[in-house]
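>>> Need coordinates for the below:
(2 chains)
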Amino acid sequence: MAKVTLGKKACAVNPLKMSQPVGGALAFMGLRGAMPLLHGSQGCTSFGLVLFVRHFKEAIPLQTTAMSEVATVLGGLDNVEQAILNIYNRAKPELIGICSTGVTETKGDDVEGYIKLIRAKYPDLAKFPIVYVSTPDFKDAFQDGWEKTVARMVEVLVNKPGNAARRDETRVNVLPGCHLTPGDLDELRTIIEDFGLEPSFLPDLAGSLDGHIPDEFTPTTIGGIGVEEIATMGYSAWTIAIGEQMRLAAEAMQKKAGIPYRLFDRLCGLSPNDDFIMFLSEISGKPVPMKYRRQRGQLVDSMLDAHFHIGGRKLAIGAEPDLLFDISSMLHEMGAKVTAAVTTTASPVLARVAIDDVLIGDLEDLETLARDRGCDLLITHSHGRQAAERLKIPFYRMGLPMFDRLGAGHLVSVGYRGARDLLFDLSNLIMANAEEHHEPTPDTWRTTGDLAHDATTSVSTH
Amino acid sequence: MSSLSATIQGVFNEPGCGKNANKSEAERKKGCTKQLQPGGAAGGCAFDGAKIALQPLTDVAHLVHGPIACEGNSWDNRGAKSSGSNIWRTGFTSDINETDVVFGGEKRLYKAIKEIIEKYNPPAVFVYQTCVPAMIGDDIDAVCKAAREKFGKPVIPINSPGFVGPKNLGNKLAGEALLEHVIGTEEPDYTTPYDLNIIGEYNLSGELWQVKPLLDELGIRIFSCISGDGKYREVAYSHRARAAMMVCSKAMINVARKMEERYGIPFFEGSFYGIQDSSDSLREIARLLIERGAPDELMDRTEAVIAREEAKAWAAIEPFKPRFKGKKVLLITGGVKSWSVVAALQEAGLELVGTSVKKSTREDKERIKELMGQDAHMIDDMTPREMYKMLKDAKADIMLSGGRSQFIALKASMPWLDINQERHHAYMGYVGMVKLVEEIDKALYNPIWEQVRKPAPWENPENNWQAKAIAQLQAEADALAANPELAEKTRRAKKICNCKSVDLGTIEDTIRAYALASVESVKERTNASGGCGACAGRIEEILASIPAVEDTSAVPVLAAAE
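Okay, the predicted model is just below:
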């Protein structure tokens, strides 16, 4: 069982973590016709905007209440009011999702109160969907912002079914964590539909940020789950939550609509997908389609092919808790040794990571650990590129942001197919690295007779 | 040490800024900060601006004092390049938590500085203030002073929290910090009559190195570049330079002007974008250096280099001329850097549309700048649908713009080239201009355009999004024409001057009522264009659209009638 420690440094160096409000904003981007709004100074929004634009390579809807110094001190009611009105009139959204930031939380703006006043003042807005989440920058991390926002969406937007309401046995709610890509969601949708079930994804980034050419230009999100569909999620027979972070939202759904949930804390690798497929077969009452029997075989075969390359690799991984647990567990099951693990925020899954210690820290910590422990495979988001260059070990980009490679939205790790392709990608990376940097020379195995010296060289040249 | 608000006021009073000098006392006091519109604003904050301006200093540790958002969401995302140290690309932040917000973050900040110095030992640490610690009253000046004394190393406070204003204010506040704490604090090992400061150049994509070889050849030494590929010590002794070039942008004009005032370093405003501009700038550099004691023969050598480089560049562009014949470029940018490429693009045979740019001579450059700045403003206000229509109406073959409109251009299946900060290619100097022309050619003639514009075989072309967008816009225009009440409402709702919040209706009515004929007289009556002045171009267009009346603004029609 891994011990989780919190870094003691005063200065974070090369941050792994990103802030809560942008995690919340991303969740809102999975809703159709949504305009996420950060209640803070305009920089809060512009940094988030650039982050997502560079990751998804898409136009991103994200607005700001543009708090000035004076407005911050006096309170943001006017700014929130003007922002809502401006967005409502100009962008004609179906929903406005508001996340607070460090500035406005330090002041202590009562945004729920503001919204009540604004609704009372403008009858047009009385019933207009506005969801507010408190997400101060100085607490928690990106994943927490997503977690809180989705839970809040359930609380605010899902209708409570009446007592006599009948459940739709074919409908399934899917609550995906922020570690899943639009590509992952598409894969899950296909799998679930193949069992004759109708999934509703909340939020649904696959509808909005999958890089399609829109039918119509709007300043809000294009695609994603609609507000009216969310309202009816209370009639579904099951909720499937993916990632421990989604427990909060799944429980909110259970509380509100009495829907049982099943939480899959990971969906990468053979055994979690066996569980997932059998669960779908169970709730749908349908046998596993031939397609997945074949895909399972392919994954098993790819594991056999890949274990030569991945087995024994010393993995250094930096990721948010759910992604860290998911990917490190899969690689552990492939024979890799999880040797250095750094994450951003506390989570119950961290204790189950296959390593002695998980550090809540930054990429400097990961780099140091990777060097000290002789890691030879680095997995983290794009910001790991500098560390990878210095460590001179193969580097696989996972997580957000991924700004220096294309296709971040379409990386798939879920399902038998996702795990299979990920194993191939990783193995190929390792092979290419070996060809480039570790071809044997006449001196590779030459010893000097000095025992201590030999020991260190063997560590650095594996 | 002056307070932050005093510094901001001082920046607004910048006499070197032409725009500012033309303002009245009262207007100047209000500053050039555009009123930001909640729910309708885009762009970075003052902290962002300060960091953009200083981060290219390569050997400095840039420490952001604030919650994780300010650094964690944005670090290592600039395209500046370094020839040496990489410490500027390391993200340092105090990542303050809830406890710090309650008890104050000064101790954490001090410890953070200590850790950086112990682990990385940079020649200097820059500490950036952000909104939250500014609110809770963390005194970064005092912490920096204590750290400076304790560790015997420059620890420089950059007081530019995000909520004091937009990005360009941050640029200036960063400049103020250099003036107050860095420039003039060290002495160079030696000086030469060929020592040149370059101010306001960030070496994005390494573009400074497209020009540096020419300066090297002429024996001109880049004494200090603020801040592209710069080093702390070079900035600290930059007050010993002979002359300075301020790269065409108002961002750091306060630095250039105050260095002239304090140390007698003459400067000129120039640019290395475009062939003509590169030549002009080289001449100007030589002239200033000669004025300050360099031998006269420098000018002859400079002219020789210019002649050679121009000939080479034109020869390289020549083969593109037949390929560019009849091709139209829509150039949209607020970046002042880009207007100077206009002449070269035209020389290459491209036609510029969308912005009312005719053949550009030296005289109307100011006007081009204004017009383009204006269009960039419009883009911010535009819905994507309107932008699509603009692309279509312009009948352009390629669009050159900043990153923000990228995805709309690309989704409209329009060849597009990035000419803003985030771009991947360097376009400076003679070689850069040739590169730009090559890139335009590559984009224009890529075979994908024909394919991506083809509708899916199962799609009805009358029903695609392009047709729908146009139809919707047409329907809106028709509705407006048929309904005078709605038209009036729209006219009233359409803001022309964002700073002073003046709408189209008010301006049109005032022009008619007082028979106004100049922007100046409109400003007098309505206050429009009295802020940042960016809407002057738009007001001119409105003036042009209203049938001319004799300018009797001295005797208002209404007053006379009374």
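>>> longest helix of chain B?
In chain B, ranked by residue count with DSSP state H as the criterion, the top helix is helix B:297-317.
>>> With adjacent residues omitted, what lies nearest to the residue of chain A at minimum distance from chain B?
Using C-beta to the nearest C-beta, the closest approach of chain A to chain B is made by residue A:43 at 2.7 Å. C-beta here means a position set from N, CA and C on the backbone, and glycine is covered the same way. Here the nearest residue to residue A:43 in space, its sequence neighbours aside, is residue B:45; by C-beta to C-beta, 6 or more residues apart in numbering or on different chains that works out to 2.7 Å.
>>> Next one, pLDDT for the one you found please.
pLDDT recorded at residue B:45 is 92.
>>> hey, what's the residue of chain B found nearest chain A bridged with?
Distances from chain B to chain A, computed as C-beta to the nearest C-beta, single out residue B:45 as the nearest residue at 2.7 Å. In this structure, residue B:45 has beta-bridge partners residue B:166, where bridges are defined by DSSP bridges.
>>> about what we covered before: elements contacting the helix or strand just after the longest helix of chain B?
Proceeding N to C from helix B:297-317, the next assigned helix or strand is helix B:321-324, under DSSP states H and E. Under the contact criterion of 3 or more C-beta pairs under 8 Å, 6 or more residues apart in numbering or on different chains; DSSP states H and E, helix B:321-324 touches helix B:429-444.
>>> residues of the helix it packs on that come out buried?
B:429-437, B:439-441, B:443-444 (16 or more other C-beta atoms under 10 Å in any protein chain shown).
>>> Then stretch A:370-384?
Within stretch A:370-384, the residues that count as buried by 16+ other C-beta under 10 Å are A:370, A:374, A:375, A:376, A:377, A:378, A:379, A:380, A:381, A:382, A:383, A:384.
>>> State the distance spanning the first to the last residue of it.
Start to finish, the residues bounding stretch A:370-384 are 12 Å apart (C-alpha to C-alpha, to the nearest Å).
>>> so does it get close to chain B?
Yes. With C-beta under 8 Å from any C-beta of the partner chain as the criterion, chain B is reached by stretch A:370-384 at residue A:383.
>>> if I pick residue 120, what's in contact with it?
Because you didn't say which chain, this covers chain A. Contact partners of residue A:120, counting by C-beta atoms under 8 Å, 6 or more residues apart in numbering or on different chains, are residue A:126.
>>> I was after chain B.
Residue B:120 makes contacts with B:61, B:87, B:90, as judged by C-beta under 8 Å, 6+ apart.
>>> From residue A:364, how far out is it?
Using C-beta to C-beta, to the nearest Å, one obtains 10 Å as the distance from residue B:120 to residue A:364.
>>> CA atoms only: put stretch A:341-352 into PDB for me.
Below are the C-alpha coordinates for stretch A:341-352, written out as PDB (Å, rounded to 0.1, in the frame of the first residue of the first chain):
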ATOM      1  CA  ALA A 341       4.900   8.600  -8.900                       C
ATOM      2  CA  VAL A 342       4.000  12.200  -8.400                       C
ATOM      3  CA  THR A 343       0.500  13.600  -8.400                       C
ATOM      4  CA  THR A 344      -1.400  16.800  -7.800                       C
ATOM      5  CA  THR A 345      -4.000  16.300  -5.200                       C
ATOM      6  CA  ALA A 346      -5.200  13.800  -2.500                       C
ATOM      7  CA  SER A 347      -7.400  10.900  -3.500                       C
ATOM      8  CA  PRO A 348      -8.300   7.500  -2.100                       C
ATOM      9  CA  VAL A 349      -7.000   5.700  -5.100                       C
ATOM     10  CA  LEU A 350      -3.400   6.800  -4.500                       C
ATOM     11  CA  ALA A 351      -3.000   4.300  -1.600                       C
ATOM     12  CA  ARG A 352      -3.600   1.600  -4.200                       C
END
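>>> Show the residue spans covered by the strands in the stretch 401-550 of chain B.
For the stretch 401-550 of chain B, the strands identified by DSSP state E, counting those that start in this stretch occupy B:416-418, B:495-497, B:502-503, in order along the chain.
>>> Check whether the first one comes near chain A.
Looking back up the chat, that one is strand B:416-418. No. Judged by C-beta under 8 Å from any C-beta, strand B:416-418 stays clear of chain A, getting no closer than 12.2 Å.
>>> quick one: strands adjacent to that strand?
According to DSSP bridges, the neighbouring strands of strand B:416-418, each with its direction, are strand B:398-401 (parallel).
>>> Please point out which parts of the partner strand sit buried.
Under the neighbour-count rule (16+ other C-beta under 10 Å), strand B:398-401 has B:398, B:399, B:400, B:401 buried.
>>> ok, those residues vs residue A:49, which is closest?
Ranked by distance to residue A:49 (C-beta to C-beta), the buried residues of strand B:398-401 are led by residue B:401 at 16.6 Å.
>>> looking at it, that closest one is touching residue B:331, isn't it?
Yes. Checked against C-beta atoms under 8 Å, the pair residue B:401 and residue B:331 is within contact range at 7.4 Å.
>>> can you dump the C-alpha coordinates of the helix or strand where residue B:48 lies into PDB?
Using DSSP H and E, the element containing residue B:48 is helix B:46-54. Coordinates of each C-alpha in helix B:46-54 appear next as PDB, following Å, rounded to 0.1, in the frame of the first residue of the first chain:
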ATOM      1  CA  ALA B  46      -1.400  42.800 -16.400                       C
ATOM      2  CA  PHE B  47       0.600  40.000 -14.800                       C
ATOM      3  CA  ASP B  48       0.500  38.100 -18.100                       C
ATOM      4  CA  GLY B  49       1.900  41.200 -19.800                       C
ATOM      5  CA  ALA B  50       4.700  41.700 -17.300                       C
ATOM      6  CA  LYS B  51       5.700  38.100 -17.600                       C
ATOM      7  CA  ILE B  52       5.600  38.200 -21.400                       C
ATOM      8  CA  ALA B  53       7.900  41.200 -21.400                       C
ATOM      9  CA  LEU B  54      10.500  39.900 -19.000                       C
END
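>>> Can you get me the centre-to-centre distance for stretch B:140-152 and its chain?
33 Å (C-alpha atoms, centre = their mean, to the nearest Å).
>>> That stretch close to chain A?
No. Under the criterion of C-beta under 8 Å from any C-beta, chain A is not reached by stretch B:140-152; the shortest gap measures 11.8 Å.
>>> and that stretch, which residues are buried?
By neighbour count, and taking 16+ other C-beta under 10 Å as the criterion, the buried residues in stretch B:140-152 are B:140, B:141, B:143, B:144, B:147, B:148, B:151.
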